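Enquirer: need a 3D model of the following:
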Amino acid sequence: MRYYIYINKVRARLLLLLIGVLLAACSDDSDRDDGETDVVQLVAYSQGMTDLEPVAATRAIPTGYHEYKGPSSIGVYSTRPDEAPSSVRTFSYDEDQHQWNSLVSTKLGVDYYIYGYMPASSVIHCAISKRTGMNYSQGAVLTFSDLPPVLSEDFCVVTGVQQLENKTDNVNLTPWVFAFTGKPTGNNFACLMLDHLYSCVKFKFLVNTDYDKLRTIKLKKVELKTTQAGSYPLTVTMKAGENYEVAWGDATGLTNDYVSLPVSEGGVILSAATPKEVEGYFAPKTDVANNLVLQCTYDVYDKNVTTEHPEGNLIRHNCVAVNKLPATKLTAETNKRTVLTLTVNPTYLYVLSDPDLDNPTITISN
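Expert: Below is the predicted model of the structure:
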């Protein structure tokens, strides 16, 4: 499954102060020819992962894709045939301004070959090199070291570029083409394609219908980890005109730390009817999938809603529920998304214990 990234290039002077910081900090720009410099900005579209449940994927223009608006940053290497930048450039999405911010620059008339990955974050370490005996017009090797077994963001690589001269040009997505040439201002548009390299698990949080009549649940934190895997090396070989190759190395060390998955700041009130969806991503390895553990933190309120207490009276603070995810329901495959429904239930309905209305557990179903 692929992401489609639409790029619009604007004059550097539109972001003069910001681009000045970038160019001053990038040593590899100093030996490039002077000329008109453009800044690459993005508007993005994506196609959903393959769900392992009978639901239709969301689609929009272009056909088969929907608009992708972050939050992940995208790292890009704008290479020349025999030259690669010393560091990756990034695109980041401004959710307040509803636009991509970019400091990636290109020069008028210069031929580039664009490679990259997502997310461009501090936990992803990447190096780019040429294929043996070839230059960057023929592909590139992306070497990732110490990839975490669990991520809060989707992990992808750029698998193709299409250049457009007008914003309204038809898009004919063709993978494994990476060439891009700097055009005059106003005629620089392109599309990036990205492939998913991790598996995904989507959690749908609900509250038991009867329990929802008695208590209100605010979900505050969702964390995911694996107990039997370390960090993975990964080599991705991009080939112009051919499908790319992926080579995973053996895990090193042992990573037991929880990774926080995105939940609305301040928490979210769960419903008995409309699920709250949270996604996590994991390396497509059996050792990872078979040992995933979910930890949820939530508050419990009664139904005595007042102006002073719009959520009700706080009964229990920072309840923690830990669930070992069922390995039989998970698929350790690239570009596959498993959907699990998690329901908050009162414990006395499900375990042999004294009734405890204010200390509910979470049960898993698909």
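
Enquirer: run through the bridge partners of the closest residue to K276 other than its chain neighbours.
Expert: Residue nearest to K276 in three dimensions, not counting chain neighbours: F205, with 4.4 Å by CB to CB, 6 or more residues apart in numbering. From N, CA and C alone the C-beta is placed, and that goes for glycine too. Taking DSSP bridges as the rule, F205 bridges to K276, L342.

Enquirer: do I have it right that F205 meets P275?
Expert: Yes - proximity of F205 to P275 meets the contact threshold set by CB atoms under 8 Å, at 5.9 Å.

Enquirer: so between those two, which is more surrounded?
Expert: Neighbour count, other CB atoms under 10 Å: between F205 and P275, F205 has more, with 23 against 18.

Enquirer: which residues sit in contact with that one?
Expert: Shown in contact with F205 (CB atoms under 8 Å, 6 or more residues apart in numbering): 219, 270, 275-278, 296, 342-344.

Enquirer: find the pair from those residues with maximum spatial separation.
Expert: E277 and V344 (15.0 Å; CB to CB).

Enquirer: between the two, which has more neighbouring residues?
Expert: Each of E277 and V344 had its neighbours counted (other CB under 10 Å), and the higher figure belongs to V344 (24 against 10).

Enquirer: list the buried residues in the strand or helix carrying the more buried one.
Expert: Following DSSP states H and E, one finds V344 within strand 336-345. By neighbour count on 16 or more other CB atoms under 10 Å, the buried set for strand 336-345 is 336-340, 342-345.

Enquirer: now do the next helix or strand after that strand: everything it contacts.
Expert: Downstream of strand 336-345, the next assigned helix or strand under DSSP H and E is strand 361-365. Contacts to strand 361-365, defined as CB under 8 Å, 6+ apart, come from residues 296, 321, 323, 325-326, 329, 340-345, 347, 350-351.

Enquirer: on that earlier part again, how about a markdown table for the contacts of F205, with distance to I315 added?
Expert: What follows is these, written out as a markdown table (distance: CB to CB, whole Å):
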| residue | distance to I315 |
| --- | --- |
| L219 | 15 |
| L270 | 15 |
| P275 | 23 |
| K276 | 20 |
| E277 | 26 |
| V278 | 23 |
| C296 | 17 |
| L342 | 20 |
| T343 | 19 |
| V344 | 13 |
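
Enquirer: closest one of these to Y117?
Expert: V278 (23.2 Å).

Enquirer: doesn't that closest one fall inside a strand?
Expert: Yes - checked against DSSP: H, G, I helix; E, B strand; the rest coil, V278 lies within a strand.

Enquirer: give me the pLDDT for it.
Expert: Note on V278: pLDDT of 95.

Enquirer: that one contacts C200, doesn't it?
Expert: No - the pair V278 and C200 fails to qualify as a contact (CB under 8 Å) at a distance of 11.1 Å.

Enquirer: so which of the two has more stuff around it?
Expert: C200 (26 against 22).

Enquirer: check which helix or strand the more buried one maps to.
Expert: Residue-wise, C200 maps onto strand 199-207 under DSSP H and E.

Enquirer: what is the distance between whichever helix or strand comes after that strand and the centre of its chain?
Expert: Remark: after strand 199-207, the chain's next helix or strand is helix 209-212, criterion DSSP H and E. Per CA atoms, centre = their mean, to the nearest Å, the displacement of helix 209-212 from the mean C-alpha position of its chain is 34 Å.
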